[in-house]
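**Student:** Quick one, what's the 3D model for this:
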Amino acid sequence: MDGRGTSVARRARMLLLLRPSFIGLVFVGVALVSATLVSRKLSERFDAAKSVSSESCRAFRAEPGHAHARVCNDDSFAPSPWPSFREGLAAIATAKNALDCHDTAGAVPSLTRALQIANELDDRATLTSAVLSARLVSETLVLLERRDALLDREFRKSLLGGVHLRSARHPFEAERIDRLWMLANADHKTWFGRSAVLEFVLVDSMVQNDVVLDAMGRAIAEGNVEKCKVEARRTVGVFTSDGLDASLCPMMGTVVHTSRRLEETRSALANADPW
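**Tutor:** Residues are numbered from 1 along each chain as shown. This next block holds a predicted model:
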């Protein structure tokens, strides 16, 4: 009996010693399972966001004039828009000199070329190219207003009729889609495969850009640059300490303003007394 009792006591002491280790293993197991489930959910969320981004890119590039847009297209060798912009300014200067000499025939091809370049820049759909395109359109409008007596009304109607500033229709839309695509396709792999933490941060940044750029675009569409700046400073994401660049607002504001001037000029030419 004594030997049996001693054996039971020893076994009880061993169980007491092993119990903390066993409980610890259980906790570790639960933690690993939980971490795996959380990681899987984060990866699924990232995959869903990436899928939405891809569909937005596909729809945008399918729109008229956007087949060759510099949006959702990481081409580091794409030509800069600046040489074309400078060519457009030079064409406007040539047209001005011709009109100063009352050489209407000499001004026509230069004006046509300047606005052709403006359309080509706008088709790129980037914010920079949109601003440069609007600048060429604005300079042309100023020249036409100052030299309206030298240029036939029908010619001016025809000249401006082919101009488009698509970037002004949905301000910051291309910028928003492009940023989401870049974040969705950012390299976030590690030596151990996918990183759920990095994917969470990327999705967080995507939410910030998506919500804020959409709000900025609506403000600019209303012609409210100051409201756009307020929206730009707003933080939505968990890891976002600063908003977006508020200087983007006046840049896009000039594009929308020029587009409205263009439409007003077209309307005035269409309704003008032909006599």
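
**Student:** just how off-centre is stretch 235-246 within its chain?
**Tutor:** Mean C-alpha position of stretch 235-246 versus that of the full chain (C-alpha atoms, centre = their mean, to the nearest Å) differs by 15 Å.

**Student:** then it to CSV, C-alphas only?
**Tutor:** Extracted C-alpha coordinates of stretch 235-246, given in CSV (Å, rounded to 0.1, in the frame of the first residue of the first chain):
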residue,chain,number,x,y,z
THR,A,235,-7.0,61.3,-42.8
VAL,A,236,-9.0,58.1,-43.2
GLY,A,237,-6.5,55.3,-43.0
VAL,A,238,-5.4,53.7,-39.7
PHE,A,239,-1.7,54.3,-40.5
THR,A,240,-2.2,57.6,-42.2
SER,A,241,-0.7,60.5,-40.2
ASP,A,242,-0.9,63.1,-43.0
GLY,A,243,-3.4,63.7,-45.8
LEU,A,244,-2.6,64.1,-49.5
ASP,A,245,-0.9,67.0,-51.2
ALA,A,246,-3.3,69.9,-51.1
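
**Student:** quick one: average pLDDT of that stretch?
**Tutor:** Across stretch 235-246, the average pLDDT comes to 79.

**Student:** Could I get the buried residue list for it?
**Tutor:** Residues 237, 240, 243-244, 246 are the ones in stretch 235-246 that count as buried (16 or more other C-beta atoms under 10 Å). Where C-beta positions appear, they are placed from N, C-alpha and C, glycine not excepted.

**Student:** Repeat that for stretch 200-210.
**Tutor:** By 16+ other C-beta under 10 Å, the buried positions in stretch 200-210 come out as 200-203, 205-210.

**Student:** how about low-confidence regions in the stretch 1-150 of the chain?
**Tutor:** 1-39 (pLDDT under 70).

**Student:** The residue minimising distance to the centre of the chain - nearest residue in space that isn't next to it in sequence?
**Tutor:** With distances taken as C-alpha atoms, centre = their mean, Glu175 lies nearest the centre of the chain, 1.4 Å away. Leaving aside its sequence neighbours, Glu175 sits nearest to Leu127 (C-beta to C-beta, 6 or more residues apart in numbering; 5.2 Å).

**Student:** separation between that neighbour and Ser133?
**Tutor:** The spacing between Leu127 and Ser133, counted by C-beta to C-beta, to the nearest Å, is 11 Å.

**Student:** between the two, which one's more packed in?
**Tutor:** Ser133 (32 against 18; other C-beta atoms under 10 Å).

**Student:** Just the buried residues of the helix or strand where that one lies, please?
**Tutor:** With secondary structure defined by DSSP states H and E, Ser133 is part of helix 127-146. For helix 127-146, the neighbour count (16+ other C-beta under 10 Å) marks 127, 129-141, 143-144 as buried.

**Student:** Please report the distance of the residue nearest to Glu175 from Leu244.
**Tutor:** 12 Å.

**Student:** Can I get the helix holding Ser133 in CSV, CA atoms only?
**Tutor:** The C-alpha trace of helix 127-146 is given here as CSV (Å, rounded to 0.1, in the frame of the first residue of the first chain):
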residue,chain,number,x,y,z
LEU,A,127,-2.5,65.1,-63.8
THR,A,128,0.7,66.7,-65.2
SER,A,129,-0.4,66.2,-68.8
ALA,A,130,-3.9,67.4,-68.0
VAL,A,131,-2.5,70.7,-66.6
LEU,A,132,-0.2,71.1,-69.6
SER,A,133,-3.1,70.4,-72.0
ALA,A,134,-5.3,73.0,-70.3
ARG,A,135,-2.5,75.5,-70.5
LEU,A,136,-2.3,75.2,-74.3
VAL,A,137,-6.1,75.5,-74.6
SER,A,138,-6.1,78.5,-72.3
GLU,A,139,-3.3,80.3,-74.3
THR,A,140,-5.2,79.5,-77.5
LEU,A,141,-8.5,80.9,-76.1
VAL,A,142,-6.7,84.1,-75.1
LEU,A,143,-5.2,84.5,-78.6
LEU,A,144,-8.6,83.9,-80.3
GLU,A,145,-10.3,86.5,-78.1
ARG,A,146,-7.7,89.1,-78.8
